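Novice: How does the following fold in three dimensions:
(chains A and B)
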Amino acid sequence: MTPSTSPLGFSVVVNTIDRAKPLDTLLRSLEQQSHPHFEVIAVVGPTRDDTLPVLENWRGRVEVLRCPEANLSRSRNIGLLAARGDVVAFVDDDAVPSRRWLEQLARLFEDESVDATGGMVYCVHPMMPIVQHRIGLVSSLAAQDDVREGWADSLPPPGAGSRWTPRMMGTNMAFRRRTLLGIGGFDEFFEWVYDDADVALRLADAGAIVEPVREAVVYHAPASSRNREAYTWNFRSWIQTKSVVYFMLRNGRMAGEDPRDVAWWATRFVHGRWILGGLLRKQGKLSLPGSLRMRAMEMFAGASGAIRGLRGTRRLIPGDVAAAAALRSASIRPFPRESSPNAPGVDPVAARPLAPGGDRPPLRICLLSHGYPPWEVEGVGRHTSLMARGLSELGHVVHVVTRGERESTTFLDGAFVHRIRTPLDRYRRFEGMPDLFHTLNESHAVREKIRRLVLNDDVQVVDSPLWKVGGLVALRARDLPVVVRVQTANKQVAEIQETLSEDARLVGDLEQSFLEQADHLVANSLATVSALDRVYGIAEGARPVTVIPHGIVPVEESRVRPFPVERPPTRPTVLFVGRLERRKGILDLFAAIPEVLRAHPMARFVIAGADNSRNDGFQRSHGCDYPTHFRRRHRGVADSVEFLGTVTDEQLDDLYAECDLFVAPSLYESFGLIYLEAMNFGKPVVGCRAGGIPEVVAHGETGLLVEPGARTALAEAIVSLLSQPKLLRDMGLAGRARLLERFTHVQMAERFAELYRAVIGGAGAAAEGAS
Amino acid sequence: MNVSPGVGDVLAEVDFELAQGIVARPELRRAIRDIRRLHEKNRHAVFGPGAGAGDEASANGPSPAELRSALRRQFQVDDMILAVLGEAVTAAEESRKEARRLAALVREALAEMPDDGEGAPPEVPAESAPAGSRIGRAVLGALSRGKDGPRGDDPLDGVEDEEPDAEQDVEWAIRPERLQVAMDPRDPGLPLVGSLFGRFRNALHSRVLIYTGHLGEKQTEVNQVLGDHLLRAISSLRRQHASIDALRLRVARVERRLAEALGRGDGGRAEKD
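Specialist: Numbering: from 1, shown residues only, chains lettered A, B, ... in the order given. Below you'll find the model as predicted:
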């Protein structure tokens, strides 16, 4: 992406008080801005934390001013008067702007008729994953419609007031400096909220053009302040009441609203707050004194707002001072981006850099995943989250696009997780093929999101799983290079399940087309490459394919529990983890258990995983589920086997830690993540020579492998290991060492990062060649 | 004949959606309908039967307060029209960008193609155009006529417009006569003084109508300016739509030719159809 060439100079004003850590994070994120022409002014209120020492570290790069009182509008005016840029952009101290924030604003302000704007604001804290602002409107009676799809959305907007004006949110707003000075800046009666809405209305009244946009995104992680404790009901609501009543009286009259309407709505608002005080008391969120205090303050604030709204004048920047500031023509003091371009991304929620600085610029990566933790944890989602975590620990900026009930963006485990809704309003021609219809619509919605991520966050590469062909439309649109991650193919599943519908066939063909057009393919094992060739006829060499094995997060050393040779357990535990189905070799294990118990009668088997007998046809053929089948067939040993069903992640970790031997005789695994999970806790494993398992388990070193379906050999392998305590310990420790050496999430991320760099470099070279 | 779609059809549909996705904005039409509804409601409230009833000034027609209220609502309508106009302009800008992007792709593909000396556009059967895209077929037809063939300035020449509602809605809503208000003579139903009272009331009504007429004229001017812009924006959108369709077809054609050329030249895999 070429750097911004707009000559517009910006003054970025940050009004701050008692938020040292988020402020430092914001300043670090400003180092990553693509637009080079800007200065940074921090206006510090009567702070009581480390804000000033933090700013000391930015000496010479950030201009620091003081505001004697905790009054946001006054603080904004101080910043405005000191600003030298053509445009003054305000950003909250607990927010992080997208990389192309200023570039997007600059493009908008190149149109000289635009006087003010505000970009989109996402609240990224996992406690409150919402869109906070997009092309908002405010009415002269203080009603707000903050999140709109577009300008033509819901007309007339719902709420009181006949005059509606586009507005921007204080977290993310920008003004042509002279225009804002021309109206006297912010009204300092607004100590905390409604300062932004008021200025929008006054600008509109002065004939200025206020044009909020969908782009210029800012990610907001609201932090606590002296006015509110974040994500609780503990806030100084009366400041808001005072501001709202004042706002209605000032702007309602200015807009020609009926005075009776103004009075009615102002009274209604205060009355609502009175009711809220009682409600919070009833819900136990406020104590009785707290509730009484709130109600008293609300009444007082309402009266205060009304008196000031009806009498007296606005507290604006005096005309002569504003005029002098507007006429001043000094050039901005550019913000030197010292640690760029190698500075890592930042975590807006924890307010810290993602990693120590590297020796190369961090990448900006978009990962796609149909489902994603914490709500949907299937294989691809889990793998994607491990990739995201590993990449972010290396300092890369990761965006994950996944599906959700409603649009939101959160910052989770090191990555921006964008959840998008899929409107089913395209590809109606294929409505009769539900799988294809949904797949295409979802892929299209994903592409729309990627387009926005390019515009705002300057992502450089897209990584899409083959499953659900999420990146297909983005690939067709040729927005960015697309790497396709191959794990399990839809076509493979269709073959296994013998699904031969037209719908499944087309989705399979789309997968093939997706693979053929991708810039690069990644498989998790050589076995997957072979499967790819078998199913799609895509051999290694015909397309660029790289094998990158899965990686997991190593547990702390204190949780690694190798077999206690000195004090062996009286009842050794053999653990199986996986769905109870034929493919996982559960019937082979059932057959081996009596053999093992004959040699080791004290052994116990723990089987964790959901029964899948209904779906794999076992119930149809046998008339019962797997646990029942085992108990019927092997009554004599049933007491030595425990079926746990589905377990939580925490329970699973405990099971791995407590077992002595891990067994999973799967007939096929594209990779075999479960073996890694057992090796993580220092456990030896027994598996089959199938799929990608031999690439994970070193036979004779970290465990034993038998042929798929060889029940006697399986029993012998288990007996052999249980009979050799020292071997159990040594293999377990060797497995842990192998994991640390080859299969951690960071190693996996390093391999992916290298691949992405090569793909981006290749695309860049191709583009240069074409030009 | 009902033929099962192949992967080529699905990918063509993806390209079609990519090309037209940005300009298909059904919410604009919905918004215009909403505006029209509010406009009607406003007019009815001011001039409709029973307007001003129950008010102390009912005998004299709409009171100043009612006129003020009507003005407020009319400004609201103006705001809404401006909002729709803004959205239409945004859509037009986005579609222009998309058209530029597609054009760049076409140029890129053409640059990579071996020169086979075929200057004229190939013949593409109308069936290959995406379903429902009559504009696209018309453009295709225009292209098929070749460089020297007759071609109007507007690629939409000769195309029956499928969706005229938006323009009609706007034109209908801004006609000056829509704001004209007629006298509403009614017999007061009073014995003896009825005709005298009726004349007195008509005189008052006509005075009010003079000012209402002035207001209507001013508002008509505003509406016409807004409507002109809106119509221009809609027309621009349609042109963008058509040019995107044309570009999309050219991309498909170029891709097919490229695939054929590659298939002939280096033994590479041609696109599966």
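Novice: May I have the phi/psi pair for residue 220?
Specialist: Using chain A here. The phi/psi pair for residue A:220 (degrees, to the nearest 10) reads phi -110, psi 130.
Novice: How about residue A:232?
Specialist: The phi and psi values for residue A:232, taken as degrees, to the nearest 10, are phi -130, psi 180.
Novice: Residue A:758 now?
Specialist: phi -60, psi -40.
Novice: show me what contacts the closest residue to residue A:278 other than its chain neighbours?
Specialist: What sits nearest to residue A:278 in space, not counting adjacent residues and going by Cβ to Cβ, 6 or more residues apart in numbering or on different chains, is residue A:291, at 6.6 Å. All C-beta spots, glycine's among them, are computed from the backbone N, C-alpha and C. Neighbour list for residue A:291: A:277-278, A:280-281 [criterion: Cβ atoms under 8 Å, 6 or more residues apart in numbering or on different chains].
Novice: how does it look with 10 Å?
Specialist: A:276-282, A:285 (Cβ atoms under 10 Å, 6 or more residues apart in numbering or on different chains).
Novice: Quick one, which of the residues you listed are buried?
Specialist: A:276-277, A:280-281 (16 or more other Cβ atoms under 10 Å in any protein chain shown).
Novice: any idea of the mean pLDDT in the helix or strand harbouring residue A:12?
Specialist: Using DSSP states H and E, residue A:12 maps to strand A:10-16. Strand A:10-16 carries an average pLDDT of 97.
Novice: Just give the nearest non-adjacent residue to the residue of the stretch 401-550 of chain A found nearest chain B, would you?
Specialist: Among the residues of the stretch 401-550 of chain A, residue A:509 lies closest to chain B, at 3.9 Å counting by Cβ to the nearest Cβ. Once flanking residues are discounted, residue A:509 sits nearest to residue B:7: 3.9 Å by Cβ to Cβ, 6+ apart.
Novice: so that neighbour touches residue A:506, yeah?
Specialist: Yes. Counting by Cβ atoms under 10 Å, residue B:7 touches residue A:506, with 6.6 Å between them.
Novice: Just want to know which of those two has more residues nearby.
Specialist: Neighbour count, other Cβ atoms under 10 Å in any protein chain shown: between residue B:7 and residue A:506, residue A:506 has more, with 22 against 19.
Novice: how far is the strand or helix carrying the more buried one from where the chain is centred?
Specialist: Residue A:506 is part of helix A:502-517, with elements assigned from DSSP H and E. Offset of helix A:502-517 from its chain centre (Cα atoms, centre = their mean, to the nearest Å): 29 Å.
Novice: swap in stretch A:40-54?
Specialist: Between the centre of stretch A:40-54 and the centre of its chain there are 29 Å (Cα atoms, centre = their mean).
Novice: rewinding a little: given the strand holding residue A:12, what are its sheet partners and their directions?
Specialist: Using DSSP bridges, strand A:10-16 pairs in its sheet with strand A:38-44 (parallel), strand A:87-91 (parallel).
Novice: Residue A:320 belongs to a strand?
Specialist: No. According to DSSP: H, G, I helix; E, B strand; the rest coil, the state of residue A:320 is helix, so it is not within a strand.
Novice: Beta-bridge partners for the nearest residue to residue B:79 once chain neighbours are set aside, please?
Specialist: Take residue B:79 and drop its neighbours on the chain: the residue closest to it by Cβ to Cβ, 6+ apart is residue A:164, 6.0 Å away. Counting by DSSP bridges, residue A:164 forms beta bridges with residue A:139.
Novice: Report the helix or strand with the lowest average pLDDT across chain B.
Specialist: Ranking every helix and strand in chain B by mean pLDDT, DSSP states H and E puts helix B:134-144 at the bottom, with a mean of 35.
Novice: Show the low-confidence segments of chain A, by residue range.
Specialist: A:1-6, A:376-377, A:488-500, A:539-542, A:763-771 (pLDDT under 70).
Novice: check contacts around residue B:88.
Specialist: Counting by Cβ under 10 Å, 6+ apart, residue B:88 makes contact with A:151-152, B:25, B:28, B:31-32, B:166, B:229-234, B:236-237.
Novice: Which one (most neighbours) among these?
Specialist: Ranked by neighbour count (other Cβ under 10 Å), the contacts of residue B:88 have residue B:230 at the top, with 27 neighbours.
Novice: which strands and helices sit next to the strand or helix carrying that one?
Specialist: Here residue B:230, judged by DSSP H and E, is contained in helix B:194-265. Using 3 or more Cβ pairs under 10 Å, 6 or more residues apart in numbering or on different chains; DSSP states H and E, the elements in contact with helix B:194-265 are helix B:7-20, helix B:26-47, helix B:64-112, helix B:134-144, helix B:165-173.
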